[in-house]
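Asks: 3D, please:
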Amino acid sequence: MPIPSAALLAGLLTLLSAPALSQDNGPVSALESPARGAPLAVTAAEPVGAGGPFGGSTSPRRGIAYPVAIAARDGEAPAGIAPLPRDLFTSDDFYIDAALWDDPRYFRCNSALALDSLYGGYDATPDLIGDNPPDIAPWGHCERDYPRESIVSPYPFATAQAHYAALMAEAEARGGPGAMPPGAGTWSGRYTLNFDGLPQWMNMHLNQVPTILSLLTEEYRIRFVQQAYHVAVSQAPQWPASYCWPEGFLRYFSGAPAPFIDLYVLPEQVMFITAFADNFIRQVQLGRDFVMDGPVPRLGAPVARWYGETVGFWDGDVLVTWTSNIQGWTANASFEFSDLMQTIEIYTPRYGEDGAMVGLRHETVFYDPEALVEPVRLLRDLDRQGALNAGEPFAFIECNPTIYPVDGVPQYEAAGSAFELHQPDWFNRPWAQIWEYYHEEGMARPDRTPDLFGF
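Replies: Residues are numbered from 1 along each chain as shown. I've put the predicted structure just below:
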């Protein structure tokens, strides 16, 4: 898509000229833009199925129990809902059910995270599947869903490159981009995630599965349902972190929030450090340009990186970044993404009543033409907690594997035990290789799916 013209940018600026607010978390920077800061149409949502552990008042890190947002137990449909004759839990081959995937009843109106939670997979979520799985799986609330319109990008750009160029053009029109602005050094510090008023749809507890499927290309729809089936029916979740596999780029944005994010702001580089079950170190290279002679923009060698490579610039007191060269991977409960994934991220300061900076608005637009039918957007608020030399130091994570996919199911293996293990191809969807080898015999899997383990 070509870079938008000045006339188009001016028209968009008129449409989006209202200053963005941070839902009771303080006003954000006064700089206006047609390419960032668009408000959310819907700022509240309820979990649609069992679980819903992440975000706002439901966060387990705030000491509040998980909600159990189920509408009916023991396989019984909720009042007024007619179940399908065949659904995810009664099917012996989800591939041949593709015509049913767009009906929430196929998943018993559960979110992807709810399906991931049925067997007690999260600390504070009880076992909800019952004594005779999977037929008696519970139902979620069929009337709940977070609207697709609040998920897709509100901006007219088809590529991250075009979006970045438009943001750069705005900065240049204001006399920039500039060096590190006065006061940006005070950004350095420790932050926590605050989801109040910013529904975290990417955690997959707010949406009916068909809504997420509507965002995905045909191949990635199949992959998302494959994941849903094997976590909810086969009882074989393949969470990367459980095996000490890499967490992958999308995990930085989805799943359990990190206890904190350490932010370092320097004149030539901005760096974010955090950890879940693995370490996330993201560097923003200021004032640099990508090499454009390969399949995706990059900075270093033409080798995909787990968390990509990032360039950025300052537009006044706003930090704009572009990340590319990302290793395609997965994140439990969320959708798979490809090597073509790129993001535009905008970090906008939030100010308290006294004018002091209290945190950052983190806006991310995800571009992936292989996995997504159109770009999607996520908003998060980062609350500043204090200086980098206050509190506990960053604890670097080293994962020591004790769980292995024995017979296609995650199993704990004690020291000294011996067991047979098929080694998957690391860069060919290892989770899917395990599912297909152990759990899909006789299923009508599309021919384009690669053979398992090279057999």
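Asks: so what's the residue most central in space within the chain up against?
Replies: The centre of the chain sits closest to Ser254, judged by CA atoms, centre = their mean, with a distance of 3.8 Å. By CB atoms under 8 Å, 6 or more residues apart in numbering, the contact set of Ser254 is 200, 202-204, 331, 333-334. For the C-beta atoms, the positions are set from N, CA and C on the backbone; glycine is no exception.
Asks: the same query, at a cut-off of 10 Å, please.
Replies: 54, 113, 200-204, 248, 331-335, 378 (CB atoms under 10 Å, 6 or more residues apart in numbering).
Asks: one more: Ala72?
Replies: So Ala72 contacts 78-79, 81, 83, 108-109, 138-141 (CB under 10 Å, 6+ apart).
Asks: right, and out of those residues, which lies closest to Tyr95?
Replies: Relative to Tyr95, the closest of the contacts of Ala72 is Arg108; by CB to CB it sits at 18.9 Å.
Asks: can you count the residues close to Tyr191?
Replies: Around Tyr191 sit 22 other residues, with neighbours defined as other CB atoms under 10 Å.
Asks: kindly state the beta-bridge partners for it.
Replies: Judged by DSSP bridges, the bridge partners of Tyr191 are Ile261, Arg384.
Asks: in terms of contact, does it touch Tyr264 like I think?
Replies: No - contact between Tyr191 and Tyr264 fails when scored by CB atoms under 10 Å: they sit 11.5 Å apart.
Asks: give me the helix or strand of the chain that scores worst on average pLDDT.
Replies: Least confident helix or strand of the chain, by mean pLDDT, DSSP states H and E, is helix 6-15 with a mean of 34.
Asks: skip ahead from it and say which helix or strand is next.
Replies: As assigned by DSSP states H and E, the chain's next helix or strand after helix 6-15 is helix 112-117.
Asks: can you list the weak-confidence ranges in this protein?
Replies: Within the chain, the stretches with pLDDT under 70 are 1-30, 51-68, 120-127, 130, 255-257, 448-455.
Asks: show me the domain layout of the chain.
Replies: With automatic domain parsing as the criterion, the domains of the chain are listed as 6-40+151-199+243-386, 56-148+211-239, 402-455.
Asks: so which of these comes closest to Ala395?
Replies: Set against Ala395 and scored by CB to CB, those come closest in domain 6-40+151-199+243-386, at 6.9 Å.
Asks: assign Pro175 to helix, strand or coil.
Replies: To be clear, residue 175 is Gly; Pro isn't right here. Three-state call for Gly175 (DSSP: H, G, I helix; E, B strand; the rest coil): coil.
Asks: nearest to Val48, out of the domains of the chain?
Replies: Ranking those by proximity to Val48 (CB to CB) places domain 56-148+211-239 first, at 4.3 Å.
Asks: now do the closest one: distance to the chain's middle.
Replies: Offset of domain 56-148+211-239 from its chain centre (CA atoms, centre = their mean, to the nearest Å): 18 Å.
Asks: do the same with stretch 263-271
Replies: Taking mean C-alpha positions (CA atoms, centre = their mean), stretch 263-271 and its chain are 24 Å apart.
Asks: next: stretch 40-50.
Replies: In this view, stretch 40-50 has its centroid 16 Å away from the chain centroid, taken as CA atoms, centre = their mean.
Asks: tell me which residues in that stretch are buried?
Replies: Neighbour-count burial for stretch 40-50, counted by 16 or more other CB atoms under 10 Å, picks out 40, 45-50.
Asks: got it, and stretch 414-428?
Replies: Neighbour-count burial for stretch 414-428 [16+ other CB under 10 Å]: 422, 424.
Asks: ditto for stretch 383-396
Replies: Within stretch 383-396, the residues scored as buried using 16+ other CB under 10 Å are 383-384.
Asks: ok now that stretch, how far from the chain's centre?
Replies: 24 Å.
Asks: which parts of the protein are helices?
Replies: Secondary structure of the chain (DSSP state H): helices at 6-15, 112-117, 160-173, 209-213, 218-232, 430-439.
Asks: from the rest of the structure, what touches the shortest one?
Replies: Under the contact criterion CB under 10 Å, 6+ apart, helix 209-213 has outside partners 48-49, 88, 100-112, 114-115, 140, 145-148, 151, 201-202, 204, 206-207, 220-222, 224-225, 228, 334-335, 376.
Asks: figure out how far that helix is from the centre of its chain.
Replies: 14 Å.
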